[in-house]
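In: Have a look; sequence and predicted model below, questions after that.
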Amino acid sequence: AQTFWDRSGGNAVISRIVARYGLKGTTAPYNGHWDVTQSTASDLVRYYDMLLDGSGGLPPEQADVIMSNLAQSTPTGTDGYPQRFGIPDGLYAEPVAVKQGWFCCWNGSNQLHVSTGAIGPERRYVMAISSLEPGDAASARNTMT
């Protein structure tokens, strides 16, 4: 994600996506770090819907690059964090293409977790869920799932 962010213009990435997909609740990060971009569940669902049906403007082969990469998400992130919470563990018998997010200590000791993606054969369904709760990360992941 960092390589893409740096190569594609940082906050300008968010501006382009917001404009292309008509996102109302998504804002570029206040500090220029991609991991604190803010969005809403409804914006994330809108993004996936428009990406998958082509109305977002990307040709199908480019959208498929994104979704194919999301379908190859690993059980553990490159930072060592477990990322099978939410959609992948909750719908373990379904094919999924997901993007997981986590952030410790948002507004105090709150654990922020996000699980988004496409689910099922032919990526029929899209889902975005988020959780903000105090406590430890393992409990927050369990709540999300």
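Out: Thanks, I have the structure now.
In: what about Ile17, how many residues close to it?
Out: For Ile17, the count of nearby residues is 18 (other C-beta atoms under 10 Å). Placement of C-beta: from N, CA and C, glycine included.
In: how far does whichever strand or helix holds it sit from the chain's center?
Out: Using DSSP states H and E, Ile17 sits in helix 11-21. Distance, stretch centre to chain centre, for helix 11-21: 15 Å (C-alpha atoms, centre = their mean, to the nearest Å).
In: what ranges do the helices span in the protein?
Out: 2-8, 11-21, 41-53, 60-71, 87-90, 137-144 (DSSP state H).
In: Redo the ones you listed as JSON lines? Include mean pLDDT.
Out: Output for the helices of the chain, formatted as JSON lines (pLDDT from 0 to 100):
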{"stretch": "helix 2-8", "mean pLDDT": "91"}
{"stretch": "helix 11-21", "mean pLDDT": "95"}
{"stretch": "helix 41-53", "mean pLDDT": "96"}
{"stretch": "helix 60-71", "mean pLDDT": "95"}
{"stretch": "helix 87-90", "mean pLDDT": "96"}
{"stretch": "helix 137-144", "mean pLDDT": "93"}
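In: Compare those and report which one is nearest to Arg124.
Out: Arg124 lies closest to helix 41-53 among those, at 9.3 Å (C-beta to C-beta).
In: which residues does the residue most central in space within the chain contact?
Out: With distances taken as C-alpha atoms, centre = their mean, the residue of the chain nearest its centroid is Lys99 (3.9 Å). Counting by C-beta atoms under 8 Å, 6 or more residues apart in numbering, Lys99 touches Leu70, Ser73, Val114, Thr116, Gly117.
In: pLDDT wise, what is it at?
Out: Here the pLDDT value assigned to Lys99 is 94.
In: just Trp106 next, same as before
Out: 81.
In: will you turn the helices of the chain into a markdown table that also has distance to Pro121?
Out: Formatted as a markdown table, the helices of the chain follow (distance: least, C-beta to C-beta, whole Å):
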| stretch | distance to Pro121 |
| --- | --- |
| helix 2-8 | 28 |
| helix 11-21 | 25 |
| helix 41-53 | 13 |
| helix 60-71 | 12 |
| helix 87-90 | 15 |
| helix 137-144 | 24 |
